[in-house]
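S.K.: turn this into a model:
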Amino acid sequence: MIKIAFYNLKGGVGKTTTAVNMAYMAAAAKKNVILWDLDPQAAASWFCQQEPGAGKAIKLFNKGKSIGEMELFSPYPNLMLIPADLSLRSLDSEFDELSKDKKFFKQLLKPLSEKADVLIFDCPPTLSPSVEQLLQEVDILLIPMIPSPLSIRAMEQVVEFLASKKSAPKRIVGFFNQVDMRRNLHREAIDNSKKMPVPMLKTWIPNDSAVEQMGLRRAPLTSYNQRSRAALAYLDLWKEIARLLKAAAKESE
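M.R.: Numbering: from 1, shown residues only. Coordinates of the predicted model:
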């Protein structure tokens, strides 16, 4: 099982919309996929037509509940969702005791390897102890960023932080999101992507109103629209991520 996290310290960079579309496309490619929503805002769960739960999400962390006992929601073939809810806002207070066990996440994830080829995390925009330990367990960290100084700086902070740790994701890769090529700042960032502190995917996602429709339809964009600019970009992005998955799978053999 290859573990992927979509994460940036800064919110509003298109992390969740990309994670949902990539999970859908991986499932459409006949991979068994689990999308784990770890953001208390539960946007990924919303996009997958899952209603907010009654404080169930935190039970994996404060009740010692086995992940095998959790009810997984299946919005599409080959795709399972571990939904979030507002109870996750207390994750870090619950995590104080659990964090003493450095293998907690590893043990928590082990049963999922029998159910999934790919596990995708939609992480909250915070660098808390729980997120820190989670990132140490993933094979691929994908950092979406808007081509703006604040968004890029947030990515740099994450990279600097992980560089100071003994354990970090094997692959840390960035990509630009919500790109408006009418803006000089965005064009310059795209043109100078090779100067970024992490390898950048060639594909960038344009700022497209079609993505906003996901909230109304509560579905991945590529499940109902494959002709918009953003949908075409997501298709190309998936091809690049699929190559990363293949390389990571070979390394784990």
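
S.K.: any idea how far the closest residue to I58 other than its chain neighbours is from P40?
M.R.: Counting by Cβ to Cβ, 6 or more residues apart in numbering, S87 is the residue found nearest to I58 once chain neighbours are left out, at 3.8 Å. C-beta coordinates here come from the backbone N, C-alpha and C atoms, glycine included. Separation of S87 from P40 (Cβ to Cβ, to the nearest Å): 7 Å.

S.K.: shared neighbours of these two, which are they?
M.R.: A57 (Cβ atoms under 8 Å, 6 or more residues apart in numbering).

S.K.: low-confidence stretches in the protein?
M.R.: Along the chain, segments meeting pLDDT under 70 span 52-55, 62-71, 94-102.

S.K.: could I get the full set of helices for it?
M.R.: 15-28, 43-47, 59-62, 91-98, 104-109, 129-135, 149-163, 184-191, 209-217, 221-224, 229-252 (DSSP state H).

S.K.: pick the most buried one from these.
M.R.: Across these, averaging neighbours per residue (mean count of other Cβ atoms under 10 Å) puts helix 15-28 on top, at a mean of 26.

S.K.: thinking again about what came up before, so which of the helices of the chain gets nearest N177?
M.R.: Among the helices of the chain, helix 15-28 comes nearest to N177, with 6.5 Å by Cβ to Cβ.

S.K.: and the contacts of the closest one?
M.R.: By Cβ under 8 Å, 6+ apart, helix 15-28 touches 4, 6-8, 33, 35, 39, 43-44, 47-48, 76-79, 118, 120-123, 125, 142, 144, 177, 205, 211, 214, 220-223, 234-235, 237-238, 241-242, 245.

S.K.: what's the angle from that helix to helix 229-252?
M.R.: Interaxial angle, helix 15-28 versus helix 229-252 (axes from the mean of the first three to the mean of the last three Cα atoms, to 10 degrees): 70 degrees.

S.K.: mind checking how far helix 15-28 is from the chain centre?
M.R.: 9 Å (Cα atoms, centre = their mean, to the nearest Å).

S.K.: again, but for stretch 222-242
M.R.: The answer for stretch 222-242 is 16 Å, by Cα atoms, centre = their mean.

S.K.: one more: stretch 204-223?
M.R.: That offset, for stretch 204-223, works out to 16 Å (Cα atoms, centre = their mean).

S.K.: span of that stretch from start to end?
M.R.: Using Cα to Cα, to the nearest Å, one end of stretch 204-223 lies 19 Å from the other.

S.K.: cool, and stretch 162-172?
M.R.: 10 Å.

S.K.: tell me which residues in it are buried?
M.R.: Of the residues in stretch 162-172, L162, A168, P169, R171, I172 count as buried by neighbour count, 16 or more other Cβ atoms under 10 Å.

S.K.: of all the helices of the chain, which one is nearest P197?
M.R.: Nearest of those (Cβ to Cβ): helix 149-163, 5.3 Å.

S.K.: residues in contact with that closest one?
M.R.: With contacts defined as Cβ under 8 Å, 6+ apart, helix 149-163 is touched by 7-10, 13, 127, 132, 135, 141, 143, 145, 168-169, 172, 174, 189, 196-198.
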